[in-house]
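K.L.:
got a sequence here, can you build the structure:
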Amino acid sequence: MTERDTKTALITGVLGQDGSYLAELLATKGYRVIGTSHRGAQRTRLVGAPKEIEVLALDLADGEAIRALVKRYRPHHLYNLAARASSAQLFDDVVATTRINGLAVVHLLEAIRTESPQTRFCQASSSEVFAKAAQSPQNELTPLRPRNAYGAAKVFAQNMVEAYREHHGLFACTAVLFNHESPRRGLNYVTRKITSTAARIKAGLENSLALGNLDGRRDWSFAGDVVHAMWLMLGQRGPDDFVLASGETHSVRELCELAFGRLGLDYRKHVVVDPEQERKVDAVELRGDSTKARLRLGWRPAIDFKELVYMMVDADYKALSPSPAPGEKRPRKGSARV
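P.N.:
Numbering: from 1, shown residues only. Next up is the predicted model:
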């Protein structure tokens with residue numbers, strides 16, 4: 001394959017959890033991967049990628065910079081994974097959240113329309129668009145009802161993707177992602193908070209973990225599985241939106257039991273409930289129905305909840321000690337390691 005024949009994929013937020021897994025996937029499939037980050041330009045070798053990934057600095061609030069980037073590379077695929085995403089940022093700066101999670105998507109779509117109309121675009125949305133849904137599970141036909149600035153900006157972006165698809169004929173899709181985790185998840189998320197602290201307790205570095213409501217439930221998938229579905233979306237004959245989720249929920253308590261149990265610990269001896277950390281209980285359970293993705297894309301998660309928790313705990317414990325975690329065995333066929 002010549003350089004001219006090589007497909008180019010542009011990924012915003014490439015240094016994040018999802019971006020890194022997607023970059024590795026696309027690199028192994030022969031794509032030239034160009035990433036962007038607000039952290040600055042660099043070259044980086046991701047774990048599963050055969051060669052270094054070029055990372056460019058990009059301010060998603062700068063529409064002209066976005067246009068110039070799309071014009072320069074005219075990518076075959078463009079995945080927008082960058083966002084202000086942490087729970088601490090839901091309302092701390094509504095203008096910034098709206099600009100990055102909402103208006104930036106319009107800049108990307110406009111750049112594709114004017115400079116590279118053959119580009120296939122995938123926008124990463126969130127289950128937060130269903131936060132006030134009246135039904136469970138949620139699918140592509142569920143009304144979008146957010147309850148915070150993050151979700152509202154994602155709804156705006158999702159609506160604009162559909163508008164550009166219908167009015168300008170762009171190959172533009174939205175992937176509505178329910179919770180998806182991995183050993184690369186930030187420590188400010190409850191999943192990594194639990195697995196990393198369990199590892200530190202086993203290593204004698206900490207003794208307890210304070211959490212909010214242990215009965216809160218979420219639909220958790222493996223990030224590597226989710227980005228694979230996004231790539232499948234852009235390989236379809238026509239553009240469409242898809243809900244990507246495991247289709248089942250588990251409680252924080254279950255997550256603790258598996259994580260601590262993997263290390264031979266009883267979570268009840270270490271986890272304490274802190275009322276100040278408790279979140280408002282969801283009126284309706286957020287659980288994704290990915291029937292459409294399973295039928296149209298032939299996709300289903302390869303890593304189940306137990307494997308996901310074990311993967312994360314093993315990685316966190318290994319980072320602290322060269323010794324294997326208690327009970328850790330050779331990875332099961334089909335499981336991922338980092």
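K.L.:
and the helices in the chain?
P.N.:
Ranges of helices within the chain are 17-28, 63-73, 94-98, 104-115, 149-168, 190-202, 223-233, 252-262, 291-296, 305-320, based on DSSP state H.
K.L.:
in a markdown table: those helices, plus distance to K132.
P.N.:
Quick note: C-beta positions are derived from backbone N, CA and C, even for glycine. Formatted as a markdown table, the helices of the chain follow (distance: least, CB to CB, whole Å):
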| stretch | distance to K132 |
| --- | --- |
| helix 17-28 | 25 |
| helix 63-73 | 31 |
| helix 94-98 | 18 |
| helix 104-115 | 22 |
| helix 149-168 | 9 |
| helix 190-202 | 21 |
| helix 223-233 | 23 |
| helix 252-262 | 21 |
| helix 291-296 | 22 |
| helix 305-320 | 26 |
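K.L.:
by mean pLDDT, show me the worst of those helices.
P.N.:
Least confidently modelled of the helices of the chain is helix 94-98, at a mean of 91 by mean pLDDT.
K.L.:
coming back round to it: tell me which of the helices of the chain lies nearest to L177.
P.N.:
Closest approach to L177 among the helices of the chain (CB to CB): helix 223-233, 5.7 Å.
K.L.:
that closest one - contacts with which helices or strands?
P.N.:
In terms of contacts (3 or more CB pairs under 8 Å, 6 or more residues apart in numbering; DSSP states H and E), helix 223-233 is packed against helix 17-28, strand 120-126, strand 171-177, strand 180-181, strand 242-244.
K.L.:
tell me the most buried of the ones you listed?
P.N.:
Among the helices and strands packed on helix 223-233, the stretch with the highest mean neighbour count (mean count of other CB atoms under 10 Å) is strand 242-244, at a mean of 27.
K.L.:
which residues touch that strand?
P.N.:
Outside strand 242-244, the residues that touch it by CB atoms under 8 Å, 6 or more residues apart in numbering are 138-140, 173-178, 180, 221, 226, 229-230, 233, 288-290, 292-293, 296-297, 299.
K.L.:
rerun at 10 Å
P.N.:
Strand 242-244 is touched from outside by 122, 124-125, 127, 130, 137-142, 173-178, 180, 219, 221, 225-230, 232-233, 236, 288-294, 296-297, 299, 301, with contacts defined as CB atoms under 10 Å, 6 or more residues apart in numbering.
K.L.:
adjacent strands (with direction) for it?
P.N.:
Sheet pairing of strand 242-244 (DSSP bridges) gives strand 171-177 (parallel).
K.L.:
ok and the strand it pairs with relative to helix 149-168, angle-wise?
P.N.:
160 degrees (axes from the mean of the first three to the mean of the last three CA atoms, to 10 degrees).
K.L.:
now strand 171-177: mean pLDDT?
P.N.:
Computed over strand 171-177, the average pLDDT equals 98.
K.L.:
what angle separates that strand from helix 104-115?
P.N.:
160 degrees.
K.L.:
starting at the chain centroid, how far to strand 171-177?
P.N.:
13 Å (CA atoms, centre = their mean, to the nearest Å).
K.L.:
export the helices and strands packed on helix 223-233 as CSV, with columns for distance to I100.
P.N.:
Compiled in CSV, the helices and strands packed on helix 223-233 are given as follows (distance: least, CB to CB, whole Å):
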stretch, distance to I100
helix 17-28, 15
strand 120-126, 13
strand 171-177, 17
strand 180-181, 20
strand 242-244, 22
